[in-house]
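Visitor: Mind folding the following:
(4 chains)
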Protein chains: 2
Amino acid sequence: MKTEDSFFRKSDYCKNCFDCDHRSELFNVLTEEQMYRLNNNRYEVIYNAGETIHKQGSSATHVITLTSGLAKLYLEGKHRDIILEILKPTDFFAAPGIFVDNRHHYTIKAITPTTACFLDVEHFREMINKNPYFAQKYIEMMNEKTINSFGKILELTQKQMPGRVAGAILYLSNTIYESKNMDMELSRQDIADLCGLSKESTIRILKDFKDAEYISLEGKHLTIKDHESLQQIYNNG
Amino acid sequence: MKTEDSFFRKSDYCKNCFDCDHRSELFNVLTEEQMYRLNNNRYEVIYNAGETIHKQGSSATHVITLTSGLAKLYLEGKHRDIILEILKPTDFFAAPGIFVDNRHHYTIKAITPTTACFLDVEHFREMINKNPYFAQKYIEMMNEKTINSFGKILELTQKQMPGRVAGAILYLSNTIYESKNMDMELSRQDIADLCGLSKESTIRILKDFKDAEYISLEGKHLTIKDHESLQQIYNNG
DNA sequence: TTTATGTATTGATGTAAATCAATTTTTATA
DNA sequence: TATAAAAATTGATTTACATCAATACATAAA
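Guide: Numbers count the residues shown, from 1 in each chain, chains lettered A, B, ... in the order given. Now for the predicted structure:
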């Protein structure tokens, strides 16, 4: 059911792709004709906080661009979830499964009210086949994600708790909120899943950082007070 | 310095790419002209066991196909190495860095005497730009690796020791040696790095499996005696 | 407002796996 | 062959983290 809030957000709907400021930069290399077709085939969906956008294991029929809000992309494990990435506008996502087994290998869930623009996989594949620039852009994007996932593997297996939590704080500050002063929309469990730690351990480390005055923290309001120290803990973690 | 053994292996040198049976299936979609250019630009290198083929952090100038031998592809972490993949003929490898920062983000080292066929990155990029089938094949390959690395993340963070060691044994048997009866060329440390465990812990689990008669193990000769049980341990982890 | 339900916090306890240390076995070298 | 060096094994100890349990707090529903 739509909330009043999401109803009003319908003003967020994009008129067209040509002058859309929510468009992923991936699409900048499309030809005029391809852009036209893109515009005719896309559609937008509005999600409430907590709703699932892609479900791990389900069939991958569309690629998406997040046009507003915040979402988490995570692997559902047996014992816990591992958040690989927080998605924000205008992140583009094409499931790696669309060229393999047409399945989603992770779940994407809205953290805040969110809108996403959907594009049919067949259409996306066609763009790749017909436009080498587009293909190259996509490959660059994929490869960057691969490299990131290497880093994730090392962090999750080699860093210990303080290093991982410091890493999560720096990631949120540098990449997601782009500020040292954050009204985080993530729950403590989300932060834990970002670190691959239990909720309790994460909370304890956050408290340590607060006591050491590296951060200030009240509820979901977090401010980085000593970026230097956090960075050092992350590096030596 | 070349050993006598590696000298004799020069007979392994490929005459040309056209009828090469060490060629990665990726290249099957090349046009005749592209295949001709491939043949003229490639070169082969012979490695002794233990030698480094690609070094993490160094600049990525070539993509490779492993034409003989066995190699390990691993991330060098602060405290330990994580083996992502064992490479065997005719595995193809293009560093994800070639479309990002022109660096290697992992190290590849020969486990046994090994030959690898090198192809210039510029040339490889050209193939991708000029041949959409080739680009698609490459994307498929990349995506498959991405999906595998998701699995790796879950295994390393959620499975405990017996599950991980069982996984490594099954991987070696199913994918690398393609037999239940293996004369493993990997060291105990290699197996540990494949599991993300310490050498000592890995050895202990192997001993447990031997005592339970799931495997027989003498030195580097390993035979799977109870595949079912190993699979179950892997699944329930 | 009251009640309920989920989220956050803190402390006590348990445990999986690493580390350390010593010994044995294997492989390489003089 | 003898000797050195590396790899494998085993046991004892330590520790980083999870789990469990109880309580506090916040948000939403009645």
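Visitor: Quick check: A:Gly167 touching A:Cys195?
Guide: Yes - using Cβ atoms under 8 Å, A:Gly167 is in contact with A:Cys195, at 7.3 Å. For glycine as for every other residue, the C-beta is placed from the backbone atoms N, C-alpha and C.
Visitor: If you count surrounding residues, which of the two has more?
Guide: Under the criterion of other Cβ atoms under 10 Å in any protein chain shown, the comparison of A:Gly167 against A:Cys195 puts A:Cys195 first, with 25 against 22.
Visitor: What backbone torsions are found at the residue lying closest to A:Leu172 once chain neighbours are set aside?
Guide: Leaving aside its chain neighbours, A:Leu172 sits nearest to A:Met182 (6.2 Å; criterion: Cβ to Cβ, 6 or more residues apart in numbering or on different chains). Main-chain torsions, A:Met182, degrees, to the nearest 10: phi -130, psi 130.
Visitor: Check the gap between A:Met182 and A:Ile215 for me.
Guide: Using Cβ to Cβ, to the nearest Å, one obtains 10 Å as the distance from A:Met182 to A:Ile215.
Visitor: Over to the residue most central in space within chain A: give its phi and psi.
Guide: Among the residues of chain A, A:Leu87 comes closest to the average C-alpha position under Cα atoms, centre = their mean, at 1.9 Å. Backbone dihedrals for A:Leu87, given as degrees, to the nearest 10, come out at phi -100, psi 140.
Visitor: can you pull the buried residues of stretch A:144-156?
Guide: By neighbour count on 16 or more other Cβ atoms under 10 Å in any protein chain shown, the buried set for stretch A:144-156 is A:Lys145, A:Thr146, A:Ile147, A:Ser149, A:Phe150, A:Lys152, A:Ile153, A:Leu154, A:Glu155, A:Leu156.
Visitor: Among the residues you listed, which one lies nearest to A:Leu38?
Guide: Closest approach between the buried residues of stretch A:144-156 and A:Leu38, by Cβ to Cβ: A:Lys145, at 22.0 Å.
Visitor: Can you name the residues that contact the closest one?
Guide: Shown in contact with A:Lys145 (Cβ atoms under 8 Å, 6 or more residues apart in numbering or on different chains): B:Thr146.
Visitor: where's it relative to A:Ala94, distance?
Guide: 10 Å.
Visitor: Would you check how far apart A:Ala110 and A:Glu33 are?
Guide: As judged by Cβ to Cβ, A:Ala110 and A:Glu33 stand 33 Å apart.
Visitor: what's the average pLDDT for stretch A:211-219?
Guide: Mean per-residue pLDDT for stretch A:211-219: 97.
Visitor: And the contacts of that stretch?
Guide: For stretch A:211-219, the external contacting residues (Cβ under 8 Å, 6+ apart) are A:Ile169, A:Leu206, A:Phe209, A:Lys210, A:Leu222, A:Thr223, A:Ile224, A:Lys225, A:Asp226, A:Ser229, A:Leu230, A:Ile233.
Visitor: Likewise for stretch A:48-60?
Guide: With Cβ under 8 Å, 6+ apart as the criterion, stretch A:48-60 contacts A:2-3, A:6, A:45, A:47, A:64, A:71, A:75-76, A:95, A:97-98, A:102-114, A:116, A:121.
Visitor: how about the longest helix belonging to chain A, does it get close to DNA strand D?
Guide: Identified as the longest helix of chain A according to DSSP state H is helix A:132-158. No - remark: helix A:132-158 sits outside contact range of DNA strand D, by Cβ under 7 Å from any atom of the strand, the gap being at least 9.0 Å.
Visitor: Return the alpha-carbon coordinates of stretch A:95-104 using CSV.
Guide: What follows is stretch A:95-104, C-alpha atoms only, in CSV (Å, rounded to 0.1, in the frame of the first residue of the first chain):
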residue,chain,number,x,y,z
ALA,A,95,22.5,-8.2,-12.3
PRO,A,96,25.6,-10.3,-13.3
GLY,A,97,23.2,-13.1,-13.8
ILE,A,98,21.7,-11.6,-16.9
PHE,A,99,24.6,-12.9,-19.0
VAL,A,100,24.8,-16.2,-17.1
ASP,A,101,21.7,-17.8,-15.7
ASN,A,102,19.1,-15.0,-15.7
ARG,A,103,18.9,-15.0,-11.9
HIS,A,104,19.5,-12.5,-9.2
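Visitor: Of A:Ala110 and A:Glu33, which one has the most company?
Guide: A:Ala110 (22 against 9).
Visitor: contacting residues around that one?
Guide: A:Tyr47, A:Asn48, A:Ala49, A:Gly50, A:Glu51, A:Thr52, A:Ile53, A:Gly69, A:Leu70, A:Ala71.
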